[in-house]
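Trainee: Return atomic coordinates for the entry below.
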Amino acid sequence: MATVHPALTAFADLRSRSRRWTPNVWDIVIFAFVIGGLALIAVGGRQTLKPLSAPNIFISLDPWVLPNYALRTILRMFAAMVLSLICTFVFGSLAAKSRRAEMIIIPFVDVMQSVPVLAFLSFTVTGFMALFPGQVLGVEMASIFAVFTSQAWNMVFSFYHSCRTIPRELKDLSDSMRLGAWRRFWALEAPYAAPGLIWNAMMSMSGAWFFVVASEAISVGQTTVSLPGVGSYVALAVQQHDLHAIGWAVLTMLVVILAYDQILFRPLVAWSEKFRVDAQASDHRPATSWLLDLVQRAQLARRIGRPIGNLMSSLASVRVGRPMSLPQPVRAAWSNPASEIVWYVVLAAGALWGLWSAVVYIGGTVGWPEVFNAAFLGGVTLLRVVVLVAVASVIWVPVGVWIGLRPKWAAAAQPVAQFLAAFPSNLLFPLVVAGIVRYRLTPDIWLSPLMILGTQWYILFNVIAGASLFPADLLEAADSLQVKGWAWWRKVILPGIFPAYVTGAITAVGGSWNASILAEVASWGTTKVEAHGLGSYIAAATSNGDLHRVLLGTAVMALYVVAFNRLFWEPIFAWGSKRLRAE
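Mentor: Numbering: from 1, shown residues only. The predicted structure follows:
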């Protein structure tokens, strides 16, 4: 029997090892993506360090500047998305795990999602510019913060509601394994909430386009600083009535949305398939992503990224028990029922103090007849919001269920829905204003749909997420029992998607209140039409510089949102989370 020379064996082993570290064609593509992305971030980041008075800080309607403007806008939106994700994990977890924290965080989120995004700019831009005097970076941070306020709240609601609806058997399993708070978060809560959170992150990215126009034109006193971006490009095009420029801007938005859908969100949706809690049915077709397949074929890139993945897994597996180690007497006092009563008293005292301060301030400045007028206008806007959300639910719940149960259609509809959700409704103002004036229509009715155009997608995205996660074995059981028609909707699918629908409906209601400030007053050139409502009341006070009435309108809007959510949505969600669990 012939023996192999040791030198040949060593050479073959060395050749085998070198092949494992030799890049293939897929590695080249991945490295090109990574290097190109880092280069774009470096180019966009370098432009934020320019002096605020630089002569090249101006907005041009030349279509050739749109790639650079799109890069600047996307960097702002993704920076805001990172902040929103951190906010979601921190505050969503606290609200889901602590009843006392929930009593503060959820009403706060209710208020913040209804407060106009423009109101944040007036209070934050001065502070950010003081941090970086004379630099564009200060205005950039103010713009990023404004975009953050339009992205974060529905993500917090999604994560909070997902943590509240985790099946009991999974919680019991994590308790039996003695997982600490840190490991339980990464092993159970974050994976379970990931599919719904990803769809809400998509909605946040799309919804942020609605406010990019305002967030990229920063007013400081009598000076307006327009940051280069697609939003400021659209604002200038609308101001100059340049329909060709608006068309180029819409085309740029479409290209950008398709790009980050294919590069980011499509791979995330496909990756989140492994977090489905049901047993996969034989006919279930998981979502796919060409980029995820490409990464899996890139051998060298996977070997280089493996140590990073191992490091992240090690960090997620660190055993951390309670958030803080308190002495036994302190823990006993904290869990005592008497401390719960003290907590309620403190919250009630704080709420009464805030209410009394508002009453004294508003009563001494604008008078009580103005308060009653604002409350009446708030009721008018509330009626619009309720009717529009009901109509949107009737339309989009069946569509979302149909798409969510068909992964192939969901993949095709994903970029389309993102583009429709991102389309700024103010670009439709010319058509709406012209139609109302020409046909002498009633603005109180025909301006109302503008409120729901940008927010109805919260319902669609959440219903798609809920339907895509519906247990396949329950669908098979319903099919074998021949449960069809209205009985199938009433007994099978609607209970299954109910928590996801409530999340979308709550954020749609808050977004509609926010959008009412722009939707109840529409103008094109010198023609202006206005509907009666709290949104037009705040818009008129803002244009007149009447801070007292702006604060009054914002306070009334916040009270309506909080009261409606506490009296209507919270009982419904509590009932659904107990009676309609998938367990």
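
Trainee: in the sheet, who's paired with residue 528?
Mentor: residue 523 (DSSP bridges).

Trainee: Just the pLDDT for it.
Mentor: pLDDT for residue 528: 77.

Trainee: so what's it up against?
Mentor: Going by Cβ atoms under 8 Å, 6 or more residues apart in numbering, residue 528 touches 433, 521-522. C-beta coordinates here come from the backbone N, C-alpha and C atoms, glycine included.

Trainee: how about the nearest residue to the residue positioned nearest the centre of the chain, chain neighbours excluded?
Mentor: The chain has residue 204 as the residue nearest its centroid, 2.8 Å off, counting by Cα atoms, centre = their mean. Spatial nearest neighbour of residue 204, chain neighbours left out: residue 151 (3.8 Å); criterion: Cβ to Cβ, 6 or more residues apart in numbering.

Trainee: And that neighbour, how far from residue 162?
Mentor: Plainly put, residue 151 is 17 Å away from residue 162 if you go by Cβ to Cβ, to the nearest Å.

Trainee: distance between the strand or helix carrying the residue nearest to the centre of the chain and the chain's centre?
Mentor: Using DSSP states H and E, residue 204 sits in helix 190-215. Computed by Cα atoms, centre = their mean, to the nearest Å, the chain-centroid distance of helix 190-215 equals 3 Å.

Trainee: Stretch 59-71 too?
Mentor: Counting by Cα atoms, centre = their mean, stretch 59-71 comes out at 26 Å from the chain centroid.

Trainee: Same check on stretch 72-83?
Mentor: For stretch 72-83, the distance to the chain centre is 12 Å (Cα atoms, centre = their mean).

Trainee: can you check stretch 30-40 too?
Mentor: Taking mean C-alpha positions (Cα atoms, centre = their mean), stretch 30-40 and its chain are 26 Å apart.

Trainee: oh, and call the first residue 4 from now on, that's how I've got it
Mentor: Shifting the count to begin at 4 puts that one at stretch 33-43.

Trainee: any idea of the mean pLDDT in stretch 295-308?
Mentor: 73.

Trainee: how about the CA coordinates for that stretch, as PDB?
Mentor: C-alpha atoms of stretch 295-308 as PDB (Å, rounded to 0.1, in the frame of the first residue of the first chain):
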ATOM      1  CA  LEU A 295     -29.200  37.600   2.700                       C
ATOM      2  CA  ASP A 296     -28.600  34.700   0.300                       C
ATOM      3  CA  LEU A 297     -25.500  36.600  -1.000                       C
ATOM      4  CA  VAL A 298     -24.200  37.000   2.500                       C
ATOM      5  CA  GLN A 299     -24.600  33.300   3.200                       C
ATOM      6  CA  ARG A 300     -22.600  32.400   0.000                       C
ATOM      7  CA  ALA A 301     -19.800  34.800   0.800                       C
ATOM      8  CA  GLN A 302     -17.400  32.500   2.700                       C
ATOM      9  CA  LEU A 303     -14.700  35.000   3.600                       C
ATOM     10  CA  ALA A 304     -17.100  37.600   4.700                       C
ATOM     11  CA  ARG A 305     -18.800  35.100   7.000                       C
ATOM     12  CA  ARG A 306     -15.500  34.000   8.500                       C
ATOM     13  CA  ILE A 307     -14.500  37.600   9.200                       C
ATOM     14  CA  GLY A 308     -17.900  38.400  10.700                       C
END
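
Trainee: Low-confidence regions, the stretch 204-353 of the chain specifically.
Mentor: Within the stretch 204-353 of the chain, the segments meeting pLDDT under 70 span 217, 221-227, 280-290, 303-304, 308, 312-313, 317, 319-343, 346.

Trainee: Quick one: residues contacting residue 196.
Mentor: 95, 161-162, 165-166.

Trainee: Counting by contacts, list what the longest helix along the chain packs against.
Mentor: Across the chain, the longest stretch assigned as helix under DSSP state H is helix 371-407. The contact analysis (3 or more Cβ pairs under 8 Å, 6 or more residues apart in numbering; DSSP states H and E) places helix 371-407 against helix 340-368, helix 410-425, helix 452-456, helix 459-471, helix 497-522, helix 537-546, helix 550-567.

Trainee: which residues touch residue 147?
Mentor: 79, 82-83, 86.

Trainee: May I ask which of those has the most neighbours?
Mentor: Counting neighbours by other Cβ atoms under 10 Å, residue 79 leads the contacts of residue 147 with 27 neighbours.

Trainee: and the nearest residue to that one once chain neighbours are set aside, what element?
Mentor: In space, and not counting its chain neighbours, residue 79 is closest to residue 147: 5.2 Å by Cβ to Cβ, 6+ apart. If you go by DSSP H and E, residue 147 is part of helix 139-167.

Trainee: before we move on, back to that, and the residue nearest to the centre of the chain, what does it touch?
Mentor: 84, 87, 153-155, 157-158.

Trainee: at 10 Å what do you get?
Mentor: With contacts defined as Cβ atoms under 10 Å, 6 or more residues apart in numbering, residue 207 is in contact with 80, 83-84, 87-88, 91, 150-151, 153-158, 161, 200, 424, 461, 464, 510.

Trainee: Ok, residue 97 next?
Mentor: 103-105, 107-108, 163, 326.

Trainee: Which members of the residues you listed define the maximum pairwise distance?
Mentor: 163 and 326 (17.6 Å; Cβ to Cβ).
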